[in-house]
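Chemist: Got a sequence here, can you model it:
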Amino acid sequence: MKFLIFCSLLALTVFAKKDEEESNTFQGQKLSWKEDDGLEIKIIRPISEEKCTIKSQAGDTVDQFYQLHDAENNVIGSNFGKKPYNFKLGDGQVIAGMDRAMTGMCIGEKRKVIIPGKLGFGDAGRDRDNIKTDQTLYYTVQLVDIFRPVPGPSWKEDDGLEIEVTHKIESDACKKSAVGDFIHQQYTLHLADGTFVDSSFSRNEPFKFKLGAKQVIAGMDRAMTGMCEGEKRKVVIPPALGYGTDGRPPQIPGNATLYFDIELEKLIKKDEL
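Modeler: Residues are numbered from 1 along each chain as shown. A predicted model of the protein is given here:
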């Protein structure tokens, strides 16, 4: 009799464990896990294999919806229903725990994420959101979209202008810029030491100018010439092709080399004006 009871209990334990394992998988994909340093991830909206044509990886630019709350479930911040947050994955543009939590996601996938303080805002916290020292962060995140760049050529010209195509457009799909065209440009500008100077993204509006009309610095006129609509480049502009010995106080000192990330967002050909 005792042997039968033992066998029954053993069978129940095995079936319970099997049910638990099955509830934590979706088409063979694990739905929740905790990593050694305390990062916890639970997939609450998985995407089927046939619909998941691409998964996020380091180097991708991702659009993200998020909601952040504290341990008492008080909402600290959210952009659900608003403009997605955009950042480059694995580039240190977000806290370490978020970089990892957003890796390996399908477009449309939603996760609940618990990020320990050391993978969040650490000892410093973040005063503007009232995040305390070493505070654990509770997120709900959704991957809205992925942009994966296709690298192109790079070159340096005799006067020091350097150009690297970070996302190329194939020639059969290229609408190419030329002098006299009207440009809608997105850009971010840093100095040699990494100091941030300016970005069109901070104004949520592209910078617009006529190419070759000296409405921008000489290096930028040249860097934007021959670009395809949708193309992205990294550009290093020496002082002689930028703001020269005078600079542009107070942000740009004299003899400053300028480091731009640029995108030709929209191109209006001169015969379309």
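Chemist: mind checking pLDDT for the residue nearest to residue 117 when sequence neighbours are not counted?
Modeler: Beyond its immediate neighbours in the sequence, the residue positioned closest to residue 117 (CB to CB, 6 or more residues apart in numbering) is residue 134, lying 3.3 Å away. The C-beta positions use only the backbone N, C-alpha and C, and glycine is treated the same way. Per-residue confidence at residue 134 stands at 95 (pLDDT).
Chemist: Sticking with residue 134, tell me its helix or strand.
Modeler: Assigned by DSSP states H and E, residue 134 belongs to no helix or strand.
Chemist: Give the other helices and strands that the strand or helix carrying residue 87 contacts.
Modeler: Secondary structure assigned from DSSP H and E places residue 87 in strand 85-88. Contacting strand 85-88 under the criterion 3 or more CB pairs under 8 Å, 6 or more residues apart in numbering; DSSP states H and E are the following elements: strand 61-69.
Chemist: ok so, going back, paired strands for the strand holding residue 87, with orientation please.
Modeler: Within its sheet, strand 85-88 is paired with strand 61-69 (antiparallel), according to DSSP bridges.
Chemist: which of the residues in the partner strand are buried?
Modeler: Within strand 61-69, the residues that count as buried by 16 or more other CB atoms under 10 Å are 61, 62, 63, 64, 65, 66, 67, 68.
Chemist: before we move on, what about stretch 179-197?
Modeler: Of the residues in stretch 179-197, those buried by neighbour count under the rule 16+ other CB under 10 Å are 181, 182, 183, 184, 185, 186, 187, 188, 189.
Chemist: ok, now stretch 149-158?
Modeler: Using 16+ other CB under 10 Å as the burial criterion, the residues of stretch 149-158 that qualify are residue 152.
Chemist: ok so, going back, can you name the next helix or strand after the strand holding residue 87?
Modeler: Next helix or strand after strand 85-88 toward the C-terminus (DSSP H and E): helix 96-101.
Chemist: Could you measure from the residue nearest the centre of the chain over to residue 201?
Modeler: The centre of the chain sits closest to residue 87, judged by CA atoms, centre = their mean, with a distance of 2.0 Å. For residue 87, the distance to residue 201 under the criterion CB to CB, to the nearest Å works out to 11 Å.
Chemist: so what pLDDT did the nearest residue to the residue nearest to the centre of the chain once chain neighbours are set aside get?
Modeler: The spatially closest residue to residue 87, leaving aside those adjacent along the chain, is residue 93, at 4.3 Å (CB to CB, 6+ apart). At residue 93, the model reports a pLDDT of 91.
Chemist: Can you report how many residues lie near residue 93?
Modeler: Residues within reach of residue 93, counting by other CB atoms under 10 Å, total 13.
Chemist: same deal with residue 257?
Modeler: 15.
Chemist: now swap in residue 226 and tell me
Modeler: Using other CB under 10 Å, residue 226 is surrounded by 12 other residues.
Chemist: returning to that earlier point: going by neighbour count, list what's buried in the strand holding residue 87.
Modeler: The neighbour-count check on strand 85-88 (16+ other CB under 10 Å) flags 85, 87, 88 as buried.
Chemist: For the last one, list each beta-bridge partner.
Modeler: Think residue 88. Listed by DSSP bridges, the beta-bridge partners for residue 88 are residue 61.
Chemist: Look up how far residue 245 lies from residue 222.
Modeler: The spacing between residue 222 and residue 245, counted by CB to CB, is 20 Å.
Chemist: ok, those two, which is more surrounded?
Modeler: When neighbours are counted by other CB under 10 Å, residue 222 and residue 245 differ, and residue 222 comes out ahead with 19 against 10.
Chemist: show me the contacts for that one.
Modeler: Listed by CB atoms under 8 Å, 6 or more residues apart in numbering, the contact set of residue 222 reads 161, 241.
Chemist: Could you say which helix or strand holds it?
Modeler: helix 218-223.
Chemist: can you pull the buried residues of that helix?
Modeler: Applying a neighbour-count criterion of 16+ other CB under 10 Å, the buried positions in helix 218-223 are 219, 220, 221, 222, 223.
Chemist: Okay then, goodbye and thanks.
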